[in-house]
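Asks: Compute the structure for the input listed below.
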Amino acid sequence: MEGTILIEGLPGVGQVGKLVAEHLIHELGAVKIAEIYSIYFPPQVLLDGEGVSRLVSNELYRYGGDNPILFLVGDYQSTSGEGHYLLADEYLNIAEKLGVKRIYTLGGYGVGHLIDEPRVLGAVNSPGLKEEVERAGAIFTREEPGGGIVGASGLLLGLGVFRGIEGICLMGETSGYLVDPKSAHSLITVLCRMTGIDVDTTTLQERAGEMEQLVERLRQMEERRNDEELSYIG
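Replies: Below is the predicted model of the structure:
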């Protein structure tokens, strides 16, 4: 697709979208062009390894020349419904100013149990976009996600319609219990097909492997605990 695109990867379920966006920023060498502060973020600062504080924020990164890719990432989303709307509106003001024609919002779809092969679910703000999303490997189902899409990932699609900006949400299936690089790897595969972005995903795959080892250890601990409880009862 020709034209500037914006990829949103703010914190959410399993940190799936955040992992993907930050991986792309790192691999592409995207440059930070703006910091966004808001009274709707949590009232706190974060500390670096030296104990130096900084106010929580969102950040905007840019990669590329005539048809750049913009990335919206950050520490938190809004803590209130009103803030979600106001911040999404401001993100769209910035997007319009920078000539964005399409927004990809990235997130996790929590299912409450461990997943061996995470699916990628899609949502769009125009029916004409569905075929392109399905061709890239994402799926649409009538029942999922049942509660809709909360936060920036949903509102950028919904409010973007009024500004004529195309919106596509990609959601990686995840348990929701852990930060999920395995789901992030599934999601980035679909996103790269759609955008033509070509990056090395080795580190995501390595992190996914480490997570699977951790999950397996948790499973074994759970099985041992269940066996001990049955033995005690018997």
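Asks: Under the pLDDT cut-off, which ranges of the protein? List them.
Replies: 1-2, 229-234 (pLDDT under 70).
Asks: Strands of that one, residue ranges please.
Replies: In the chain, the strands defined using DSSP state E lie at 4-8, 31-36, 45-47, 53-55, 58-63, 69-74, 100-110, 120-124, 166-174.
Asks: name the helices or strands packed onto the longest helix that the chain contains?
Replies: The residue-count maximum for a helix in the chain (DSSP state H) belongs to helix 202-233. Judged by 3 or more Cβ pairs under 8 Å, 6 or more residues apart in numbering; DSSP states H and E, helix 202-233 is in contact with helix 16-28, helix 181-195. Glycine gets a C-beta too; all of them are placed from N, C-alpha and C.
Asks: for that helix, which positions count as buried?
Replies: Leu204, Arg207, Ala208, Met211, Val215 (16 or more other Cβ atoms under 10 Å).
Asks: swap in stretch 49-64?
Replies: Neighbour-count burial for stretch 49-64, counted by 16+ other Cβ under 10 Å, picks out Asn58, Leu60, Tyr61, Arg62, Tyr63.
Asks: Same question for stretch 87-98.
Replies: Leu87, Ala88, Tyr91, Leu92, Ile94, Ala95.
Asks: contacting residues around that stretch?
Replies: By Cβ atoms under 8 Å, 6 or more residues apart in numbering, the residues outside stretch 87-98 that reach it are 4, 6, 8, 34, 36, 38, 40, 58, 60, 70, 72, 77-78, 103, 152, 155-156, 159-160, 163, 165.
Asks: Among those residues, the buried ones, what's the ChimeraX command?
Replies: Selection of buried members from the contacts of stretch 87-98 for ChimeraX, criterion 16+ other Cβ under 10 Å:
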select :4,6,8,38,40,58,60,70,72,77,78,103,152,155,156,159,160,165
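Asks: Adding distance to Lys130, write the buried residues of stretch 87-98 out as JSON lines.
Replies: Shown next, in JSON lines, are those (distance: Cβ to Cβ, whole Å):
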{"residue": "Leu87", "distance to Lys130": "27"}
{"residue": "Ala88", "distance to Lys130": "22"}
{"residue": "Tyr91", "distance to Lys130": "24"}
{"residue": "Leu92", "distance to Lys130": "22"}
{"residue": "Ile94", "distance to Lys130": "27"}
{"residue": "Ala95", "distance to Lys130": "22"}
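Asks: ok, the closest residue to Leu114 other than its chain neighbours - contacts?
Replies: Nearest in space to Leu114, with sequence neighbours left out and distances taken as Cβ to Cβ, 6 or more residues apart in numbering, is Ser175 at 5.1 Å. Ser175 makes contact with Gly14, Gly110, Val111, Gly112, His113, Leu114, Ile115, according to Cβ under 8 Å, 6+ apart.
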